[in-house]
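>>> any chance you can model this:
(one chain, ligands or ions: 1)
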Amino acid sequence: AYLWTLKSRYHYFERRNIPGPRPKFFFGHYLTLWSTPSYSRTIQGWNRKYGPIYGLFEGTRPMYVVSDVEFLQEVFIKQFSSFHSRRNHFLQAILQKKGANLFSAKANQWRRQRHVINPTFTTLKLKTMTPLMNKCIESMMSKLNETNCKEFNIYAMYKRLTMDVIWHCAFGIDTDMQNDINNIYMQKSMACFATDAEKVFIVKLSNVMPFLIPLLTRVINIRISVVNQLRTLLPKLMHDVEDIPALWIIKQVENVVKERLTSGKRHVDLLQLMLDAATYDEIKEHDTDELTSKHLHYTEVVMNVFLFMLAGFETTSTFLAYSTYVLATRSDIQNKLQIEIDENWQEDQELDYEKIADMEYMDLFIREVLRMYRSSGRASTRISNQATTICGHQIDEGCVILADVASIHYNVDLWGPEDPNVFIPERHKTKRHPLAYMPFGVGPRNCVGMRFALMELKMCLTRVLHKYNILPGTNLDIGMTRQESFIVTPEAINIRLEKREH
Ligand code: HEM
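Predicted coordinates for the structure are as follows:
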C-alpha cells in the first residue's frame, strides 16, 4: 500500500502543472540531493531548466523550490501565519518541547522564544558587546603580526576568531583558543561541524520512509533514557558518551548556567540576557495567538546558547574569508575601503559601534559579498501549517517551500542592468525588490544574529585593513575550491599581509 501511495504521490506536481525533474521511484529526488557534491548548485541548475517555481520530493514530501520573489514575499512575510515554521528532520522533532531552540521551534513555542531573544540583539545590547569583540580581534591581530609577509591561510584564523567571539559574547567564557591550537573548546566546537545531520543514516531513512518515524522516535527515546540512567549509575563508563562533541559543549553551557545561578554574579553577554527571562516552571503554550508567557525554560536557554555557537561560527568566518578573497583580488576596492577606514578611525581610538555604522562603502562592500557568495542552500525553508493559495497556486498543509537564494541573488532582472556575476558594491545604492536580497532570510523569522554578524564582520575587516594591505598568495585560487555541507565554504584563503605606512 505504501508503494502504491508513493507512486500516486509522484503525480502531485504534475496534477498542479508545476514543472520539475522526474522523481526516482521510492527516493523521489532525495538520492540526487544527498549524493550531489553541491546541493545549491543542483538546485540552481534545475532552476535554469524548470523556471522560478518547480517541484521536488524529499522522499514523499513535496517541496516547492522557489526563486519567484512575489511568491516568496507571500510565504515569508504576508502569509507568515500559514508558514511560521521550518522543515525539521525527525531528530530535531524529538527535541521539540523543552529542548527546542529558535531554529527548530514551531508555532507559539517559537513566537515566545523569539519574543524573549529579540531584545538580546538590539543596537543598545550590541554596543555593550563591542569591548568583548575588540578583545578577541586584538588577539587575532597579534597572531597576524607573526606572519611577517609570508603566505598563510587566513581562513583558519578567522574560524578561531569567530569561535572565540561566540564563546566570549554568548557564554562569557575566555578560552584562549586563538593562541592554543590544541584548545579543547576549539577542538570540540570544530568537531561539532564535522557531521551534517541531514546525511546521518536514520535521518535519511526517516525522510524516505516517514511511516517509520514513530518507531525510530521510540528507539531514540529509549536510548536517551538508558544513557541518562547509566550516567547516574555508572558515571565512569559514560565518560566516552560525554565526549561526543555536541554533548560536551551542552554540558559546558549547563555548568556555566549552574555556576551563574549559585554565584548570582551578573555578566555582559547573551547568556545573561536570556537568563534574566529564564524559569524552571513548566511553560504551557496556547493555541491562540496570545503569548501566555514571556519566559524561556532553562533547557531552552542552554539549547539556544548552543545554537548561537553553531549559527554564528562558520557563517561569519566564511564571509570574512570570502571578503578577504575579494580584497586580495581587487586592490581598487581595497584602496577605497582603506580611505574610508582611515577617515573614520585612528588606532588610538576605541573602535565602537558608531564608527562602524558611519562607514557607508564598507556596508556596500559587505552587502555585495553576501549577495555573491552563497552561504547555505538549505537554511531558508518554511513549511505550510495550513492549506492556502499563493499567487494562484493551491498549497496543501505540510508542503515545504525552499527559497532558492542563489538564483535570486544572480537574477539580472533583480540586480541589473550591470552583470550580476561582476562584483560591484555600488549596485546596492539602487532600491531593489525587498526580497531580492536575502542572505539572512526575510520576515519575522529572519536571522536573529544578523546585526551581531554584521558588526563582527565590519569590526574585523576595519582592523585588518587599517594595518595591512592584503595581497594574493600563490595558492589563493586553489584554496577557493568550494565544499558544501550545510553551508558552502572555501578550503583555504591563502594570502600575504603587507604592513601599511601611516
Ligand atoms: C554572516 C553570518 C550569518 C548568516 C549569513 C546567517 C544566515 C542565516 C539564515 C539564512 C537564517 C535563516 C533565515 C530564514 O529562515 O529566513 C538564519 C537563522 C538564524 N540565525 Fe543566522 N546567520 C549568520 C550569523 C548568525 C549569528 C552570529 C547568530 C547568533 C549569534 C545567528 C543566529 C541565527 C538564529 C538563532 C537563526 C534562527 C532564527 C529563527 O528561526 O527565529 N546567525 N541565519
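>>> quick one, helices of the stretch 201-350 of the chain?
Assigned by DSSP state H, counting those that start in this stretch, the helices in the stretch 201-350 of the chain fall at 201-208, 213-233, 239-242, 245-263, 270-275, 298-329, 331-344.
>>> cool, the stretch 51-200 of the chain as well?
According to DSSP H, counting those that start in this stretch, the helices that the stretch 51-200 of the chain contains are 69-73, 90-94, 107-117, 123-145, 154-171, 184-192.
>>> worst mean pLDDT among those helices?
In terms of average pLDDT, helix 90-94 trails the rest of these, at a mean of 66.
>>> residues from the chain in reach of the ligand?
Proximity of the chain to the ligand, by C-beta under 6 Å from any ligand atom, involves residues 102-103, 114, 307-308, 311-312, 315-316, 319, 375, 379-380, 439-442, 445-449, 452-453. All C-beta atoms are positioned from the backbone trio N, CA, C, and that covers glycine.
>>> that older thread, save the helices of the stretch 51-200 of the chain as CSV, and put in mean neighbour count too.
As requested, those are exported to CSV (neighbours: other C-beta atoms under 10 Å):
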stretch, mean neighbour count
helix 69-73, 20
helix 90-94, 17
helix 107-117, 20
helix 123-145, 16
helix 154-171, 24
helix 184-192, 18
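>>> which stretch in the helices of the stretch 201-350 of the chain has the least confidence?
helix 239-242 - the lowest mean pLDDT of those, at a mean of 57.
>>> so which of the helices of the stretch 51-200 of the chain gets nearest residue 395?
Relative to residue 395, the nearest member of those by C-beta to C-beta is helix 69-73, separated by 9.8 Å.
>>> wait, isn't residue 467 in contact with residue 499?
Yes - if you go by C-beta atoms under 8 Å, residue 467 and residue 499 touch, sitting 6.8 Å apart.
>>> so those two - more neighbours on which side?
residue 467 (16 against 11; other C-beta atoms under 10 Å).
>>> now the more buried one: how far from the ligand?
Per C-beta to the nearest ligand atom, to the nearest Å, residue 467 is found 23 Å from the ligand.
>>> now do residue 474
From residue 474 to the ligand the distance is 28 Å (C-beta to the nearest ligand atom).
>>> what of residue 51?
Distance from residue 51 to the ligand, by C-beta to the nearest ligand atom: 23 Å.
>>> residue contacts, the residue lying closest to that residue once chain neighbours are set aside?
In this structure, residue 51 finds its nearest non-sequential neighbour in residue 19, 6.4 Å apart by C-beta to C-beta, 6 or more residues apart in numbering. Counting by C-beta atoms under 8 Å, 6 or more residues apart in numbering, residue 19 touches 13, 50-51, 54-55.
>>> farthest pair within those?
13 and 51 (12.5 Å).
>>> between those two, which one's more packed in?
Neighbour totals were compared for residue 13 and residue 51, and residue 13 leads with 20 against 13 (other C-beta under 10 Å).
>>> now residue 140. Nearest residue, chain neighbours left out?
residue 161 (4.6 Å).
>>> verify the contact between that neighbour and residue 136 for me.
Yes - assessed by C-beta under 8 Å, residue 161 is found in contact with residue 136 at 6.0 Å.
>>> overlap in contacts, those two.
Joint contacts of residue 161 and residue 136 (C-beta under 8 Å, 6+ apart) are residue 178.
>>> so which of the helices of the stretch 51-200 of the chain comes closest to residue 462?
helix 123-145 (9.0 Å).
>>> can you name every helix or strand that the closest one contacts?
helix 154-171, helix 353-357, helix 450-467 (3 or more C-beta pairs under 8 Å, 6 or more residues apart in numbering; DSSP states H and E).
>>> apply 6 Å and report the result again.
Packed against helix 123-145 by the contact rule (3 or more C-beta pairs under 6 Å, 6 or more residues apart in numbering; DSSP states H and E) you find helix 154-171, helix 450-467.
>>> buried among the residues of the chain next to the ligand? Need that as a selection in PyMOL.
In PyMOL, this line selects whichever of those come out buried by 16 or more other C-beta atoms under 10 Å:
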select buried, resi 102+103+307+308+311+312+315+316+319+375+379+380+439+440+441+442+445+447+448+449+452+453
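>>> and stretch 280-294, end to end?
End-to-end distance of stretch 280-294 (C-alpha to C-alpha, to the nearest Å): 13 Å.
>>> actually stretch 176-188, not the one I typed
Span of stretch 176-188 from end to end, C-alpha to C-alpha: 14 Å.
>>> so which of the helices of the stretch 51-200 of the chain comes closest to residue 27?
Per C-beta to C-beta, nearest to residue 27 of these: helix 90-94, 17.1 Å.
>>> ok, how many other residues are close to the nearest residue to residue 420 once chain neighbours are set aside?
Spatial nearest neighbour of residue 420, chain neighbours left out: residue 410 (4.6 Å); criterion: C-beta to C-beta, 6+ apart. The number of residues packed near residue 410 is 18, by other C-beta under 10 Å.
>>> cool, residue 122 as well?
Using other C-beta under 10 Å: residue 122 sits among 11 other residues.
>>> how much space separates it from the ligand?
Applying C-beta to the nearest ligand atom to residue 122 and the ligand gives a distance of 13 Å.
>>> what does residue 222 give?
From residue 222 to the ligand the distance is 30 Å (C-beta to the nearest ligand atom).
>>> ok, residue 296 next?
The separation that residue 296 has from the ligand, given C-beta to the nearest ligand atom, amounts to 13 Å.
>>> just grab the bridge partners of that residue for me.
residue 278 (DSSP bridges).
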